[in-house]
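[1] just a sequence and a predicted model for now, questions to come.
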Amino acid sequence: MEGCSYYLAMVLVQLAYGGSNVLVKLSLAEGLNPIVFVVYRHVFAMVLLGPFAYVLERKQRPSLSISIAAKVFVLALFGTTIHLNVYYAGLAYISPTSACALSNVIPSLTFLLAVLLRMEKLNIKSTRSRAKVVGTLLCIGGSLIFTFWKGGHLFKGFVERPLITAFNTELRHGKRNRIKGSALILTSHIAWCSWLILQAVISKVYPAPLSLTTIICFFASLQSSFLALFFARNPASWRLEWNLQLLTIIYSGVVLSALVYYLQAWCISYKGPVFAAMFTPLQVIIVAMFSAVAFAERLHFGSLIGAFLIIVGLYCVLWGKKQDGLVAEPPQNGKGVLNNDKVLAISMIDIQVIHPVTRESTCS
């Protein structure tokens, strides 16, 4: 059951991200300032997680040295300040589905960085390594087919009328600049890949995920507040009212910055950054399904093929990761697990036998 918890956690993470893409897009269209949004959501998360982190991790939380604090500061800079502010700036120019499609650079880029930094094992002669490479390519290809192949039969929508009418024509086609939006989204995803790698490194020296998430939220709120001094000086943008913008802030603070950050830190500390990154293509399916229900959008035949390739690719990568875990499993009760990529060779020439009478050594 413990092994399944990592998979369920990452699926839950992608569900949370998929819902937030549409919700944030609607709020940005209604005038929510992206920098103000980033500040508020991390303040909410810090206030929520702080008491739990203090009580639950009192014994396991190591002391926060200057070196660790500096590393967490850089972690917050890449994973929240740069990633989120640049991402939301790009989301204003392209649709949520296109933004999710561009997020599929995350698995391949994270896998490449992990291999270069020797955090991920890659041996093309090994079956499990080939499965991870092929699975990564299938996930990327499937997500691109899911998003951009509009040919084929249009399936009947789940609902006849949209459940959410705020997603109007102006929001669909009003402020569009595909090149600028795509460049900003890709830049944010590069920062996110760096965050995944750094998260795996810092979790080893600071193995307290709740406390680490709280500190990340603290630094993120400070960094974005500094940006607000230059880009969000209007006091009206900081005013909170009972509307969709406040709902988006609360959802993002409680679900994304608090729960999702913690689940990702927990999974990365045990499974590594590549494991967490490989679930990203699921966002495309989740957003498309949500759009089909909420906005009455119809799915194409290419959507079915793309979803199938994503699922197959994800299975291949997870199978390869599981085989890595079996090979690297430590010995238990004197019985180890033999690496099937290595051959244990015993050279009889190196064995010395001591004669019991003359005490002279002989080689056999």
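    The structure has been received and is ready for your questions.
[2] need the helices for the stretch 1-150 of the chain, in chain order.
    Along the stretch 1-150 of the chain, the segments classed as helices by DSSP state H, counting those that start in this stretch run 2-29, 34-56, 66-76, 83-91, 96-102, 105-116, 127-148.
[3] residue 221 is nearest to which of these?
    Across the helices of the stretch 1-150 of the chain, residue 221 has its closest neighbour in helix 34-56 (4.3 Å, CB to CB). C-beta coordinates here come from the backbone N, C-alpha and C atoms, glycine included.
[4] return the list of helices and strands in contact with the closest one.
    Packing partners of helix 34-56 (3 or more CB pairs under 8 Å, 6 or more residues apart in numbering; DSSP states H and E): helix 2-29, helix 83-91, helix 209-231, helix 244-251.
[5] can you give me the offset of the first one from its chain's centre?
    In this case it means helix 2-29. For helix 2-29, the gap between its own C-alpha mean and the chain's C-alpha mean amounts to 10 Å (CA atoms, centre = their mean, to the nearest Å).
[6] who does it touch, helix- and strand-wise?
    The criterion is 3+ CB pairs under 8 Å, 6+ apart, and the helices and strands that helix 2-29 contacts are helix 34-56, helix 83-91, helix 96-102, helix 169-173, helix 244-251, helix 261-271, helix 273-277, helix 282-294.
[7] okay, those in JSON lines with mean neighbour count next?
    As requested, the helices and strands packed on helix 2-29 are exported to JSON lines (neighbours: other CB atoms under 10 Å):
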{"stretch": "helix 34-56", "mean neighbour count": "20"}
{"stretch": "helix 83-91", "mean neighbour count": "22"}
{"stretch": "helix 96-102", "mean neighbour count": "23"}
{"stretch": "helix 169-173", "mean neighbour count": "10"}
{"stretch": "helix 244-251", "mean neighbour count": "18"}
{"stretch": "helix 261-271", "mean neighbour count": "21"}
{"stretch": "helix 273-277", "mean neighbour count": "26"}
{"stretch": "helix 282-294", "mean neighbour count": "21"}
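[8] lowest average confidence across those, which one?
    In terms of average pLDDT, helix 169-173 trails the rest of the helices and strands packed on helix 2-29, at a mean of 43.
[9] in this structure, where is pLDDT below threshold?
    Within the chain, the ranges that satisfy pLDDT under 70 run 1-3, 96-97, 147, 150-176, 292, 294-299, 325-364.
[10] if we use 50, what do you get?
    Flagging of the chain using pLDDT under 50 yields the residue ranges 167-174, 331-357, 359, 361-364.
[11] residue 6 is nearest to which of the helices and strands packed on helix 2-29?
    The nearest among those, by CB to CB, is helix 261-271 at 5.2 Å.
[12] tell me the angle that closest one makes with helix 209-231.
    Orientation check (axes from the mean of the first three to the mean of the last three CA atoms, to 10 degrees): helix 261-271 against helix 209-231 gives 130 degrees.
[13] enumerate every residue touching residue 225.
    residue 39 (CB atoms under 8 Å, 6 or more residues apart in numbering).
[14] with distance to residue 62 added, can I get the helices and strands packed on helix 2-29 in a markdown table?
    Formatted as a markdown table, the helices and strands packed on helix 2-29 follow (distance: least, CB to CB, whole Å):
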| stretch | distance to residue 62 |
| --- | --- |
| helix 34-56 | 13 |
| helix 83-91 | 26 |
| helix 96-102 | 37 |
| helix 169-173 | 47 |
| helix 244-251 | 32 |
| helix 261-271 | 14 |
| helix 273-277 | 21 |
| helix 282-294 | 34 |
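[15] out of those helices, nearest to residue 131?
    helix 273-277 (12.7 Å).
[16] which elements pack onto that closest one?
    helix 2-29, helix 105-116, helix 178-205, helix 261-271, helix 301-327.
[17] okay if I get these as JSON lines plus distance to residue 249?
    What follows is the helices and strands packed on helix 273-277, written out as JSON lines (distance: least, CB to CB, whole Å):
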{"stretch": "helix 2-29", "distance to residue 249": "8"}
{"stretch": "helix 105-116", "distance to residue 249": "25"}
{"stretch": "helix 178-205", "distance to residue 249": "19"}
{"stretch": "helix 261-271", "distance to residue 249": "16"}
{"stretch": "helix 301-327", "distance to residue 249": "31"}
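[18] quick one: which of the helices and strands packed on helix 2-29 is nearest residue 71?
    It's helix 261-271; of those, that one is closest to residue 71 (CB to CB) at 13.5 Å.
[19] and the helices and strands packed on helix 2-29: which comes nearest residue 182?
    Here helix 96-102 is closest among the helices and strands packed on helix 2-29 (CB to CB), at 6.1 Å.
[20] of the helices of the stretch 1-150 of the chain, which is nearest residue 212?
    Smallest distance to residue 212 across the helices of the stretch 1-150 of the chain (CB to CB): 6.8 Å, for helix 66-76.
[21] tell me the angle the closest one makes with helix 34-56.
    Using the same axes, to 10 degrees, helix 66-76 lies at 140 degrees relative to helix 34-56.
[22] other residues contacting helix 66-76?
    Contacts of helix 66-76 (CB under 8 Å, 6+ apart): 62, 195, 198-199, 201-202, 205-206, 212, 215-217, 219-220, 223.
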